[in-house]
Every structure is written in C-alpha cells, then in structure tokens.
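> Coordinates for the following, if possible.
(2 chains)
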Amino acid sequence: MHELGVANEILDVALSEADRHAAKKVTSIRLRVGVLRAIEPENLSFLFGHLSRGTPAEGARLEIVEEPVRVECPDCGVSEASSFPFECPRCKGSGISVTGGDSLSILSLDVDA
Amino acid sequence: MGPGGNVRIEVERAILQSADEAAAAIRDLLSERKIFALNLISSPGSGKTTLIEALLARFDGKGGVAVVEGDIETEIDAERIRKHGVQVRQINTHSACHIQPFRLLSVLREMDLSETRLLLVENVGNLVCPAEVSLGEDARVVLLSVTEGDEKPLKYPLVFKTSDLLVITKTDLLPYVTFDVERVRRAARAANPAVEIFEVSATTGAGMSALLDRFETLRAAKN
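Model prediction:
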C-alpha cells in the first residue's frame, strides 16, 4: 500500500497545476516510474481514482513511462533490464554495476482548458 | 492557450518532493548540532532493536545517544530501549509503512538534543517503503538476517541500492539455513559498489566489535 502516499502527492500536484493554469479538468497524467520503485500500476490507478473523486482530476488516466535499470558490464558494455540483475544479462558476468531505475516523477498533465 | 482546448502542462517534478524537503530540514538540524544519525531498515525481526542495544552498550558514557523507534502500533520497542536509560521516543505510524520525515522532524524538535551526539532511528520493519524516503540520516543501514534467505537483494533492490552499510545478522545460524553469503555480497555490491558489508551474530558476538568500531569512526568523523 505504499502507493497511497504516491497517489496522494500526484493528486496534489495535478490539482495545483490545473488550478494555476485555470484548467477545468485533468484528463491524463504522465509519470516516470523506475522499475526498482515497486509501484504496482493497477494499485496506483485504483487509489488515485478513489482519492480524485469529486475533484477536477476525477477520471484522469495515469500513463506510466517505465524506467529500466542500466547495467554496466566491464566485458560487454551497457544494457538495460526490467528488474534488478545479480549478473550481466548477456555474459552472466558478476562484475556489473547497476544504475537508474529509481525515478518517481510527474512528467506532464493533459488538461481541458 | 485558447479556451476549450486540450493542453499539455509540462511538470517534471519528483514525487515525494515534500518528503525530501523535510529530510533536508532534519539534515540541517543534525549538522547544526553535530549529531550523527543512523537510519536502520530491515524486515521485521532481523535484529534492529538488538543492534541498537549493542550500540547503547558500546557508547554508554561516551556522550549522549538518543533513539527514535518507528512501529505501526505499540510502544514495545521504546520500552525495551528505555530500560537502558537513554532518551527514546516512539513514532506510531498507524497506516503508514515507514517513518515519514515530517514526523521525525517534529519529534526531534521536541527532544532535548543538547547532549546528543548519536541518533539511532529504527524504521518500521519493512524493506520496501523505508527505502524510498530519506530521513536526513548520515548513514543508512540495512540489516538482513540469514534466516530470511539470500534472494532478498533481488526482491528488494532499492533498499540495497540506497544503503551505505549492509549488516548480515544471525550468522551463528548459517549451518542450519540455506544462505549464500557470497551471493548476497555480490548482489549488494552490484546495487551499490560503495556498500560496506558486515557479518555479525549478536548471540556469539562474532563480528560485532568490527561493526561497532566502524560506527564509532563514522560518528567521530562528524563531531
């Protein structure tokens, strides 16, 4: 249920941005979510739908742009993965370093002006 | 923008930014008072409270230690720590699965930290949510007991990526469980090449003094 705090903050940002731009309705919200964040999209959408009832963001669609992790292997270079790897997905080498995949941000809103 | 149209508003804002702002305020408070703070994270029952007791024994008489206990409900951990005669506060998070930085900030503002040099924060037992939120700590410590299995870094990578120290606990039980220490070390290093890894048993005392020495060095560096 850690999606609850995230859903709450998305709603706060969406409503204040909509207000600032004098928009009547928020129709969709684009998010960047890293695969390491353990965010369940269905759970997030359900909670957002519940929290946004009766607000200008009611019915807004959450579009999630997934951010993969970046795997750097000394032998075969850079690759991407959709979950945290123990070893290089290509050569199975163990000397990898893993970066990224921890984003959690609101990219943009679509609103009816 | 014309009325009636569909308009895209670019936002590009980190979610949980308000939490980061509270964490920054905690960091300022701690550095002003030269207090070294640890944020202890693990599954329930990995040994966070036991590690705090070992730290209290080590730092006894060497300047003030303050403890903040985070649990969804109950004062059980705070009562256990209070017996050691240190200042302790319990945060009950109720529905929240981690200590929120604004709660910690308001607790710290109520405490008497004039003598405090070391702050120990025991987060709610959980490997997911506490990893997402900074509490303004100087070092984040993740504990993993050998009874939990060696696949934890694979299942909960964020906490292993964001922690400065990994403490593998209950190593006296290694003969009885399937737990590949090397596999965990490898995965933790992949997540964070700078992570410092310790293996300890509070029961036999193995590895404890090396870990406590390290905490003492880290604390001394800030004071």
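> now what about stretch A:96-105, what contacts it?
With contacts defined as C-beta atoms under 8 Å, 6 or more residues apart in numbering or on different chains, stretch A:96-105 is touched by A:6, A:31-37, A:39, A:67-74, A:81, A:84-85, A:87-88, B:12-16, B:132, B:157-158, B:161-162, B:190-191, B:193. From N, CA and C alone the C-beta is placed, and that goes for glycine too.
> which non-adjacent residue is nearest the closest residue to chain A within chain B?
Nearest residue of chain B to chain A, counting by C-beta to the nearest C-beta: B:Pro157, 3.4 Å away. Nearest residue to B:Pro157, sequence neighbours excluded (C-beta to C-beta, 6 or more residues apart in numbering or on different chains): A:Phe84, at 3.4 Å.
> burial count for the one you found?
Counted with other C-beta atoms under 10 Å in any protein chain shown, the neighbours of A:Phe84 add up to 22.
> Is it correct that it is in contact with B:Ala188?
No. Contact criterion C-beta atoms under 8 Å: A:Phe84 and B:Ala188 do not qualify, at 10.9 Å.
> hey, what's in contact with both of these two?
By C-beta under 8 Å, 6+ apart, the residues touching both A:Phe84 and B:Ala188 are B:Pro153.
> returning to what we had before: could you tell me which of the contacts of stretch A:96-105 belong to helices?
A:6, B:157-158, B:161-162, B:190-191 (DSSP state H).
> Pull the most distant pair out of the residues you listed.
A:Val6 and B:Ala190 (26.2 Å; C-beta to C-beta).
> partners of B:Glu10 in the sheet?
A:Ser108 (DSSP bridges).
> Neighbour count for A:Val6 and B:Ala190, which is higher?
B:Ala190 (25 against 21).
> quick one: that one from A:Asp110, how far?
38 Å (C-beta to C-beta, to the nearest Å).
> Chain A against chain B: which residues are in contact?
A:1-2, A:4-6, A:9-10, A:13, A:17-18, A:21, A:23, A:27, A:31, A:36-38, A:83-87, A:94, A:96-98, A:101-102, A:104-113 (C-beta under 8 Å from any C-beta of the partner chain).
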